[in-house]
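**Student:** one predicted model, sequence on top.
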Amino acid sequence: TACSSKYVLSALHPMWQGPLVAPGGNRQSPIDIRVRKSVFDPHLKPLTPDYDPGTCSQIWNNGYSFLVEYDDTTDKSILKGGPLEDNFRLCQFHFHWGESNAWGSEHTVDRRLFPAELHMVHWNSNKYSRFEEAVMEENGLAVIGVFLKIGKRHEGLQKLVDVLPAVRHKDSVVEFTRFDPACLLPANIDDYWTYAGSLTTPPLTEAVTWIIMKQHIEVSHDQLAVFRSLLFTSAEEEVQKSMVNNFRVQQPLRGRTVRSSFT
Ligand SMILES: NS(=O)(=O)c1ccc(C(=O)NCc2cccc(O)c2)cc1
Ligand SMILES: [Zn+2]
């Protein structure tokens with residue numbers, strides 16, 4: 001789909017540090033969420049995702065993460081509510097993780113790191129006609145962040161884990177259908193933090209309304225180990241590098257307020 005067919009990265013190095021802070025960027029992501037500094041906003045509505053598993057199309061390794069892509073040519077899979085004024089179309093989801101279970105998430109909560117973080121990427125289909133347009137605009141994107149913890153096996157995730165060996169190398173892609181992304185959301189999606197931020201990979205555009213779930217999901221140690229079996233490198237490269245630590249360093253808050261939907 002348009003939204004991620006060009007999930008391009010100017011920095012190809014897996015551990016790209018790139019500019020630690022985007023030049024002139026004062027709303028960069030990820031950040032540390034200081035719980036006691038977040039401000040309860042009673043006007044925040046419940047989040048209302050409405051996803052059609054029939055829009056799931058393929059999964060691919062873009063050399064930085066693996067992406068599950070959704071057909072975003074209609075409003076079949078959308079996100080509304082929460083801090084959002086408009087309708088946002090799901091275009092892809094992906095993850096960030098560490099080489100060990102001790103770290104891997106991009107956002108932290110009072111400095112607490114999680115072994116991995118899910119990002120569900122949506123773009124504003126009320127205001128823009130395609131992802132490429134929305135990603136350059138201030139209120140163009142909405143990304144749901146969900147922390148992963150090691151625990152019981154996640155039954156819904158297993159269908160995805162089983163297909164990962166087929167996209168082991170950079171630029172590999174396989175058909176992947178009928179996956180309901182809602183199964184990856186925590187039971188409680190009413191409690192979240194939200195703030196104005198950016199993409200966490202180049203071009204780092206400051207277009208994202210971040211919605212970070214308070215409740216994590218659990219995956220098994222073995223399921224996360226399969227994420228680490230992916231490679232940053234393409235089949236032709238002589239030196240294979242395992243896809244781990246694909247997260248960005250935390251960015252300054254620069255006076256931003258993080259709002260919470262709960263007290
Ligand atoms: N980690 S993240 O959720 O902030 C994230 C989400 C989407 C993307 C992305 O789609 N990048 C590709 C891209 C960016 C700008 C314009 C394009 O045409 C494509 C990057 C990072
Ligand atoms: Zn991400």
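**Tutor:** Structure's in. What do you need? Ligands and ions are numbered 1, 2, ... in the order given.
**Student:** immediately after the helix or strand of the chain with the lowest mean pLDDT, which helix or strand?
**Tutor:** Lowest by mean pLDDT, DSSP states H and E among the helices and strands of the chain is helix 2-5, with a mean of 50. Per DSSP states H and E, the first helix or strand lying C-terminal to helix 2-5 is strand 32-33.
**Student:** show me where the stretch 1-150 of the chain has strands.
**Tutor:** In the stretch 1-150 of the chain, the strands defined using DSSP state E, counting those that start in this stretch lie at 32-33, 39-40, 47-50, 56-61, 66-70, 78-81, 88-97, 108-109, 116-124, 141-150.
**Student:** the fourth one to strand 66-70, inter-axis angle?
**Tutor:** Using axes from the mean of the first three to the mean of the last three C-alpha atoms, to 10 degrees, the direction of strand 56-61 lies 160 degrees away from that of strand 66-70.
**Student:** which other helices and strands contact the helix or strand where Y195 lies?
**Tutor:** Using DSSP H and E, Y195 maps to strand 192-197. Packing partners of strand 192-197 (3 or more C-beta pairs under 8 Å, 6 or more residues apart in numbering; DSSP states H and E): strand 208-213, strand 259-260. Every C-beta, even on glycine, is put in place using the N, C-alpha and C of the backbone.
**Student:** show the average pLDDT along the lengthiest helix in the chain.
**Tutor:** Looking across the chain with DSSP state H, the single longest helix is helix 155-163. Average pLDDT, helix 155-163: 98.
**Student:** then stretch 123-143?
**Tutor:** The average pLDDT within stretch 123-143 is 97.
**Student:** ok, stretch 62-73 next?
**Tutor:** Regarding stretch 62-73, the rounded mean pLDDT is 98.
**Student:** gap between the residue lying closest to M136 once chain neighbours are set aside and ligand 1?
**Tutor:** Of all residues not flanking M136 in the chain, T205 sits nearest, at 6.0 Å (C-beta to C-beta, 6 or more residues apart in numbering). Using C-beta to the nearest ligand atom, to the nearest Å, T205 is found at 6 Å from ligand 1.
**Student:** returning to what we had before: can you list the strands of the stretch 1-150 of the chain in a markdown table and add mean neighbour count?
**Tutor:** Shown next, in a markdown table, are the strands of the stretch 1-150 of the chain (neighbours: other C-beta atoms under 10 Å):
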| stretch | mean neighbour count |
| --- | --- |
| strand 32-33 | 20 |
| strand 39-40 | 10 |
| strand 47-50 | 17 |
| strand 56-61 | 21 |
| strand 66-70 | 25 |
| strand 78-81 | 20 |
| strand 88-97 | 27 |
| strand 108-109 | 18 |
| strand 116-124 | 26 |
| strand 141-150 | 23 |
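**Student:** could you redo those strands as a markdown table and give each row distance to ligand 1?
**Tutor:** Output for the strands of the stretch 1-150 of the chain, formatted as a markdown table (distance: least, C-beta to the nearest ligand atom, whole Å):
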| stretch | distance to ligand 1 |
| --- | --- |
| strand 32-33 | 15 |
| strand 39-40 | 23 |
| strand 47-50 | 16 |
| strand 56-61 | 12 |
| strand 66-70 | 8 |
| strand 78-81 | 14 |
| strand 88-97 | 7 |
| strand 108-109 | 15 |
| strand 116-124 | 4 |
| strand 141-150 | 5 |
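**Student:** point out where this structure drops to low pLDDT.
**Tutor:** 1-23 (pLDDT under 70).
**Student:** ok, now with 50
**Tutor:** Along the chain, the parts satisfying pLDDT under 50 run over 1-2, 4-15.
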